[in-house]
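Participant: here is a sequence together with a model predicted from it:
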Amino acid sequence: MADKLKDILARNAAELAKKRYGKWNQTKLRADSKVGMSALTAIKDGEYKGLEVLEKVAAALKADVWQLLHPQGTRAAPALSPMAADLAELFDRLESQALRQKFFAQIEGALIAQQTGESVEHEVPIETSTPRAAEPTPSPRRNRQKQI
């Protein structure tokens, strides 16, 4: 591992604190996490103080413990709402790439229209059934036999 865990922890805790408080604010973090100043100083300085402390700090920052420790920081996995997670799961279950593309285009268009205040002029019809294979055409050989 290129980065040491203590360095990852210090960087990610600082990033999460900045998102929550606008900067590293040890006084607010202490009040919210109920963790002592010496423990928070140790985290800020890159000293790991144990999972229990990390759980309290993460809860105070409205984050998961992994976000404090992940090498890519908080950008590693964006949090999804339960509804968005359900939609993603249903979307991933679609077997047809063409159907996925149609659904995505319709959902994306509706979301963009909603965000920009535009009205959706028309809905793109989405066929949910798999197209059936065309009826086989009789071979010329069969046609000749019937005519004889």
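Facilitator: All right, it came through fine. Numbering: from 1, shown residues only.

Participant: is Gly115 in a helix, a strand, or coil?
Facilitator: Actually, residue 115 is Gln. It isn't Gly. When classified by DSSP: H, G, I helix; E, B strand; the rest coil, Gln115 comes out as helix.

Participant: from here on, call the first residue 22.
Facilitator: New numbering, starting at 22: the last item is Gln136.

Participant: domain map for the chain?
Facilitator: Split into domains by automatic domain parsing, the chain comes to 26-96, 103-137.

Participant: which of the ones you listed sits most buried?
Facilitator: Of all the domains of the chain, domain 26-96 has the most neighbours on average by mean count of other CB atoms under 10 Å, namely a mean of 16. C-beta here means a position set from N, CA and C on the backbone, and glycine is covered the same way.

Participant: same list (the domains of the chain) but as JSON lines, adding mean pLDDT.
Facilitator: Putting the domains of the chain into JSON lines (pLDDT from 0 to 100) gives the following:
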{"stretch": "domain 26-96", "mean pLDDT": "86"}
{"stretch": "domain 103-137", "mean pLDDT": "84"}
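
Participant: quick one: contacts of stretch 47-61?
Facilitator: By CB atoms under 8 Å, 6 or more residues apart in numbering, the surrounding residues in contact with stretch 47-61 are 38, 42, 62, 65, 70, 74, 77-78, 80-82.

Participant: can you rerun that using 6 Å?
Facilitator: 42, 70, 74, 77-78, 81 (CB atoms under 6 Å, 6 or more residues apart in numbering).

Participant: farthest-apart pair in the residues you listed, please.
Facilitator: Using CB to CB, the contacts of stretch 47-61 span at most 19.9 Å, a distance reached by Tyr42 and Lys70.

Participant: element containing Leu111, please.
Facilitator: helix 103-114 (DSSP states H and E).

Participant: what's the answer for Leu30, then?
Facilitator: Going by DSSP H and E, Leu30 is in helix 26-42.

Participant: any idea how far that helix is from the middle of the chain?
Facilitator: Offset of helix 26-42 from its chain centre (CA atoms, centre = their mean, to the nearest Å): 20 Å.

Participant: can I get that helix in CSV? Just the C-alpha atoms.
Facilitator: Extracted in CSV, the C-alpha atoms of helix 26-42 (Å, rounded to 0.1, in the frame of the first residue of the first chain):
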residue,chain,number,x,y,z
LEU,A,26,-3.3,4.0,6.8
LYS,A,27,-2.5,6.8,9.4
ASP,A,28,-1.9,9.2,6.5
ILE,A,29,-5.1,8.2,4.7
LEU,A,30,-7.0,8.6,7.9
ALA,A,31,-5.7,12.0,8.6
ARG,A,32,-6.3,13.2,5.0
ASN,A,33,-9.9,11.8,4.8
ALA,A,34,-10.9,13.0,8.3
ALA,A,35,-9.7,16.5,7.3
GLU,A,36,-11.7,16.3,4.0
LEU,A,37,-14.8,15.1,5.8
ALA,A,38,-14.5,17.8,8.4
LYS,A,39,-14.1,20.4,5.7
LYS,A,40,-17.3,19.2,4.1
ARG,A,41,-19.2,19.2,7.4
TYR,A,42,-17.8,22.3,9.1
